[in-house]
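>>> Sequence and predicted model, in that order:
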Amino acid sequence: MASFVVEPIDYLFDFATTNLPVGSSARVGLEEAYTLHMENRDVMTPMTLPNEGYGEVAGIEIAPGVVAGVKEHMSAKIIIGGQSFEDQVFNEMTAPMLAPGTPDALGAAGLRYGQMPINLGLPMMMGGRPEESCPKVPPGRALEVEVTCPQATEGGVALTQPAVVRLWVCKALTAAKVKESLLYASKAGLGNYDGNVLNCSFDLGDIDVSERMPMRTSLGGNPIKNLIPETNTAFEPAEHWGKLPGGMEQDRPKLHVASMFSKQMKATDTNAWYQFVLNGSRVQSREAELYWDFTKRDALKITHMAFKNPATGVLGKIATRRTGRETDLTYQSQFASNCFPMPAFRSVGALSYCGPVKLPKPFLVWNEIGSIEVKDNGTSVSGWAAATPDQAGIYYRGIRYELNEKEV
């Protein structure tokens, strides 16, 4: 049978003891008040897998501090062996922790497997597809979480209350156990390992003509090959684990989970579509742009979306656009009819609307220009600022692809 364990690992940040100022970041081990809880003990150093251990990070949950009935605003990034994906960021609204008496937002979005969140993908050792791109933790590598308090202009206020970031990790203690788990899943019809090579091939298709989920149609009629290893040698976890989809050591094609909350940083122009671009400081960072100008070597497949209504003002419409398409998809986004509810709001008493919404068809941008835009209802809506720290934003989750020229 399968030979892995699944466990939650809690990164504890006691910001009541050591505050985190605006614009600053924190990791376990940097301060005595920042600790790690795992295997029923507390330690002051980051989690590091044994020299024979292998891990996959399935999900992340965040329980922020609360001040005057409002959750403190913070973001969290996963760091493996000192490396991270800059467009893989979560916050207290996009990755709420499962707790008694509250709706299960991630479960409603299809992003939970039993108790475990899978907003980073279902692990391959549990039968997940390679394309789900769970972050891979190779032997001897540190698994860290970096928490950041946003700038004041982004609604950031110094963090002063204890917070928890929980990672759910699937672990196997030896290379033999990894192979056994992968082979077991494959024999059950859920895996892609034949005992020799891991088949991580995938297809990109045109969602306007393909109804199949996940998409299995490519321009040339064949999948983009991604066999690990590429040569005739056998798959060896010690050598190849970090090269699998979601790993930090991948060659092209390179895949990872993209997760980003993009803030409306400027006031809208009345009755005009608002673009989330860094030009004009209309979004908080380059990675948060919702405008993609891709060649055939780059792609983004958005599977889940959510829209945060502004605390002040009304944004009435959301549009997903791709060049050359006859029809842009436009949705109503007023508070009462928002079809892309957020997983959680910052107010503790606010109802969870059980987002992010899984799209009926992924929004795929490949070899074209794509964007997500919003429009007001005839009255300008102010952006995030120190004076208005709870305005509009769009969250997306999906898979980011960096492809090889010879394959496409």
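Good, I have the coordinates.
>>> What ranges does the stretch 251-400 of the chain have for its strands?
254-263, 274-275, 291-293, 298-308, 315-322, 329-332, 357-366, 369-376, 393-402 (DSSP state E, counting those that start in this stretch).
>>> on contacts alone, who are the packing partners of the first one?
Just to be clear, that refers to strand 254-263. Identification of packing neighbours for strand 254-263 by 3 or more CB pairs under 8 Å, 6 or more residues apart in numbering; DSSP states H and E yields strand 89-91, strand 393-402. All C-beta spots, glycine's among them, are computed from the backbone N, C-alpha and C.
>>> Can you lay out those strands as CSV showing mean neighbour count, distance to Ala142 and mean pLDDT?
Formatted as CSV, the helices and strands packed on strand 254-263 follow (neighbours: other CB atoms under 10 Å; distance: least, CB to CB, whole Å; pLDDT from 0 to 100):
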stretch, mean neighbour count, distance to Ala142, mean pLDDT
strand 89-91, 24, 19, 97
strand 393-402, 23, 23, 96
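>>> out of the ones you listed, nearest to Ser337?
strand 393-402 (16.3 Å; CB to CB).
>>> Tabulate the CA atom coordinates of that closest one in CSV.
Provided in CSV are the C-alpha atoms of strand 393-402 (Å, rounded to 0.1, in the frame of the first residue of the first chain):
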residue,chain,number,x,y,z
GLY,A,393,-9.1,43.3,-5.7
ILE,A,394,-9.1,40.3,-7.9
TYR,A,395,-7.7,36.9,-6.9
TYR,A,396,-6.8,34.2,-9.3
ARG,A,397,-5.3,30.7,-9.0
GLY,A,398,-4.1,28.5,-11.8
ILE,A,399,-1.0,27.0,-13.5
ARG,A,400,1.8,29.0,-15.0
TYR,A,401,3.7,27.4,-17.9
GLU,A,402,7.1,28.3,-19.3
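>>> follow-up on the earlier one: would you convert the helices and strands packed on strand 254-263 into TSV that also reports distance to Ala385?
Formatted as TSV, the helices and strands packed on strand 254-263 follow (distance: least, CB to CB, whole Å):
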stretch	distance to Ala385
strand 89-91	18
strand 393-402	13
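>>> how about the ones you listed, which one is nearest Phe363?
Using CB to CB, the helices and strands packed on strand 254-263 put strand 393-402 closest to Phe363, at 7.7 Å.
>>> Adjacent strands (with direction) for the closest one?
strand 254-263 (antiparallel), strand 298-308 (antiparallel) (DSSP bridges).
>>> Past the helix or strand of the chain with the lowest mean pLDDT, which element shows up next along the chain?
Least confident helix or strand of the chain, by mean pLDDT, DSSP states H and E, is strand 227-228 with a mean of 76. Using DSSP states H and E, the helix or strand that directly follows strand 227-228 along the chain is helix 237-240.
>>> what about the longest helix in this protein?
In the chain, with assignment by DSSP state H, the single longest helix is helix 175-187.
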